[in-house]
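Engineer: quick one: sequence and predicted model below, then my questions.
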Amino acid sequence: MWTPISRAIDEHDRFLVTTHVNSDGDGLGAELGLWGYLKSLGKDVRIVNPDALSERYAFLNRDGQYETFDPVAHRDVLADREVVFFLDFSRWERLGALGDAIRAEDALTVCIDHHPVDRGPGDLNGIDVTAAATGQLVYELIRYRGGVPDRRMATGLYVSILTDTGSFRFSNSDPRAHRVAAELLDSGLDPAILYENVYGNWELGRLRLLAAALTSLRAEDDGRILLLSVPYRLLVECGLPMSDTDGFVDVARSTRGAECVALFVEREDGSYKVSFRSRGTVNVNHVAGEFGGGGHRNASGATLDGPLEAAQAAVLAALRRALA
Ligand SMILES: [Mn+2]
């Protein structure tokens with residue numbers, strides 16, 4: 001899988017690295033790892049993302065390397081890139097307007113991802129659905145090429161695995177993920193400090209958002225299905241981006257007897273970003289697919305139109321079918 005991608009690294013000098021909208025710890029961490037590695041080879045590399053870095057992950061941005069796409073400011077940068085790396089997503093739509101700007105140029109596209117997809121979006125695709133995180137795949141690519149991540153790269157790659165395994169609690173926390181994490185710690189990282197940076201650094205407003213989400217709880221079918229919601233006006237009141245609701249769905253999922261959970265977060269336009277979680281063999285990747293979304297078997301997402309009542313009714317019906 002790595003041979004053609006490795007060759008593309010050798011044969012080119014100007015790279016762009018990007019991840020999906022609503023960037024998460026895996027996408028951002030994988031970017032930091034790959035960015036650092038390409039720089040260590042003397043390459044010209046930029047990270048340009050479709051939206052701004054969440055305050056939560058500011059600790060990854062010590063070198064100010066994360067740029068937010070601006071169609072005017074980045075026109076020349078995009079025009080002279082030879083290779084664009086897509087990290088942690090497999091659908092062009094997940095790039096928003098940045099996707100159109102990349103399509104308008106003729107750079108080679110390389111996708112590295114672990115989401116299930118029929119056909120990868122890149123000219124080259126390094127897709128492995130058995131990998132716990134995209135950052136783990138970036139690590140394996142670096143090792144394949146004989147490289148060893150330095151502490152800065154290792155920080156990103158460790159955060160990728162930490163966040164996509166739910167702090168080594170999900171079923172993807174397999175021996176391979178643990179082995180890679182252990183090798184990353186060998187570069188001198190302190191796992192307690194990284195954990196504090198990611199999970200011990202909540203703003204007070206985020207606690208208020210969680211409180212609102214929990215207050216909105218609807219328990220259906222004897223608690224086998226849990227629905228939660230966060231209204232847009234509350235995000236505005238708390239001054240926090242939608243990404244600060246990441247993880248709320250996992251809080252609900254820890255309830256005994258809960259087999260599927262759906263969190264509805266309202267966007268400015270009145271549509272809802274819905275995050276799904278399930279246990280065991282209940283497949284919420286299929287459920288998200290019914291609404292044009294996707295993800296993994298036990299964690300997925302989709303967008304639905306409002307109002308909330310109608311969106312929840314549609315999702316409830318789909319979850320009941322998935323449970324049946
Ligand atoms: Mn991921």
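Structural biologist: Structure's in. What do you need?

Engineer: okay, CA-based contacts and neighbour counts for the rest of this
Structural biologist: Will do.

Engineer: isn't D80 up against R14?
Structural biologist: Yes: applying Cα atoms under 8 Å, one finds D80 in contact with R14, separated by 7.3 Å.

Engineer: give me the more crowded residue out of these two.
Structural biologist: R14 (19 against 14; other Cα atoms under 10 Å).

Engineer: OK, contacts around that one?
Structural biologist: K43, D44, V45, D80, R81, E82, V83 (Cα atoms under 8 Å, 6 or more residues apart in numbering).

Engineer: ok, what's across the strand from it?
Structural biologist: Beta-bridge pairing for R14 (DSSP bridges): D44.

Engineer: rewinding a little: any of the contacts of R14 buried? List them.
Structural biologist: Using 16 or more other Cα atoms under 10 Å as the burial test, the contacts of R14 include K43, V45, R81, E82, V83 as buried.

Engineer: okay, the residues you listed in CSV with distance to the ion next?
Structural biologist: Below are the buried ones among the contacts of R14 laid out as CSV (distance: Cα to the ion, whole Å):
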residue, distance to the ion
K43, 25
V45, 22
R81, 25
E82, 25
V83, 21
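
Engineer: from the residues you listed, pick the one nearest T3.
Structural biologist: T3 has its nearest neighbour among the buried ones among the contacts of R14 in V83, at 15.5 Å by Cα to Cα.

Engineer: next up, the contacts around that closest one.
Structural biologist: A8, H12, R14, F15, L16, A107, L108, T109, V110.

Engineer: per-residue confidence for G247?
Structural biologist: The score at G247 is 87. That number is its pLDDT.

Engineer: could you report the distance from it to L41?
Structural biologist: 36 Å (Cα to Cα, to the nearest Å).

Engineer: likewise V230?
Structural biologist: The value you get for V230 to L41, if Cα to Cα is used, is 45 Å.

Engineer: of these two, give the one with the bigger neighbour count.
Structural biologist: The neighbour count for V230 versus L41, taken as other Cα under 10 Å, is higher for V230 (24 against 12).

Engineer: the more buried one reaches A262, doesn't it?
Structural biologist: No: counting by Cα under 8 Å, V230 sits too far from A262 to count as a contact (11.4 Å).

Engineer: pick out the residue of the stretch 151-300 of the chain closest to the ion.
Structural biologist: Taking Cα to the ion, the ion has its nearest neighbour within the stretch 151-300 of the chain at D164, 5.7 Å off.

Engineer: pretty sure R81 is touching F15, no?
Structural biologist: Yes: using Cα under 8 Å, R81 makes contact with F15 at a distance of 5.5 Å.

Engineer: residue contacts, the residue of the stretch 101-250 of the chain found nearest the ion?
Structural biologist: Closest to the ion within the stretch 101-250 of the chain is A133: 4.7 Å, counting by Cα to the ion. Taking Cα under 8 Å, 6+ apart, we find A133 in contact with D26, D88, D113, H114, S160, I161, D164, T165.

Engineer: ranges for the helices of this protein?
Structural biologist: Secondary structure of the chain (DSSP state H): helices at 3-11, 25-40, 75-79, 97-103, 134-144, 151-164, 175-185, 191-199, 204-215, 232-238, 248-253, 284-290, 308-323.

Engineer: now mean neighbour count too, for those helices, in a markdown table please.
Structural biologist: Listed next are those as a markdown table, based on neighbours: other Cα atoms under 10 Å:
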| stretch | mean neighbour count |
| --- | --- |
| helix 3-11 | 14 |
| helix 25-40 | 25 |
| helix 75-79 | 15 |
| helix 97-103 | 16 |
| helix 134-144 | 23 |
| helix 151-164 | 26 |
| helix 175-185 | 17 |
| helix 191-199 | 14 |
| helix 204-215 | 16 |
| helix 232-238 | 15 |
| helix 248-253 | 20 |
| helix 284-290 | 21 |
| helix 308-323 | 16 |
